[in-house]
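Trainee: Everything below, folded, please.
(chains A, B, C and D)
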Protein chains: 2
Amino acid sequence: MAPPSGPVRAPEATGGDAGTRIKAARKEVGLTQQGLAAAVGVSRQTIIAMESGDYAPSVYLAIKVARALQAPVERIWG
Amino acid sequence: MAPPSGPVRAPEATGGDAGTRIKAARKEVGLTQQGLAAAVGVSRQTIIAMESGDYAPSVYLAIKVARALQAPVERIWG
DNA sequence: TCTTAACGTCAAGTCAACTTAACATCGGGG
DNA sequence: CCCCGATGTTAAGTTGACTTGACGTTAAGA
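Mentor: Residues are numbered from 1 along each chain as shown, chains lettered A, B, ... in the order given. Reported below is the predicted structural model:
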């Protein structure tokens, strides 16, 4: 019987900060949520979840989002 | 009925390259698989999967691995 | 007032990122 | 030969990253 597992998430001390940074950077580059979703190839719901919740995207999605927002991955999620 | 979904994975053109880079970088810094697993806080099986398969870690795990391997996330998975 | 775009919330489905455990193989040294 | 460390493979479980759909709220403009 395996213990709880699943994707590695944000450390507690930084939980939720990435979402705030994503939202700020998105506005900085002048994109709507739907615009960012289209730019990186995911649904709007995914962008909403990323901005508002404790959410750990796959590294490939994170890289796409970081490029759209003109920042390195580490600056948003690190 | 939702279409297929799940974590965003590597684009087909680059599938598998990250694993090769992780393995090379790990040896470069002189870590075993178990050593890297302990350093980033995951199981050895996860490192094996990352190095050998089409695998998309969460961005938080990717950042930890990239730090242990002394490289930016984009250089390994981008 | 109405209209529209943007954002927020909820629901239920598919897919895979993680886990432990156990066994097998490989390579090097005694 | 045996031993040990490192690596590879398989299995089955939990958790959550994604999807579409639908509805509600907010803000700005006509």
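
Trainee: For A:Ile22, list the residues it contacts.
Mentor: A:47, A:50-51, A:65, A:69, A:76 (C-beta atoms under 8 Å, 6 or more residues apart in numbering or on different chains). In this view, the C-beta of every residue, glycine as well, is placed from N, C-alpha and C.

Trainee: Most neighbours out of those, which is it?
Mentor: Neighbour counts for the contacts of A:Ile22, by other C-beta atoms under 10 Å in any protein chain shown, peak at A:Val65, which reaches 28 neighbours.

Trainee: Confirm that one sits in a helix?
Mentor: Yes - per DSSP: H, G, I helix; E, B strand; the rest coil, A:Val65 lies within a helix segment.

Trainee: ok, for it, nearest residue in space, not its chain neighbours?
Mentor: A:Val40 (5.4 Å; C-beta to C-beta, 6 or more residues apart in numbering or on different chains).

Trainee: Need the pLDDT of that neighbour.
Mentor: Reported pLDDT at A:Val40 in the predicted model: 95.
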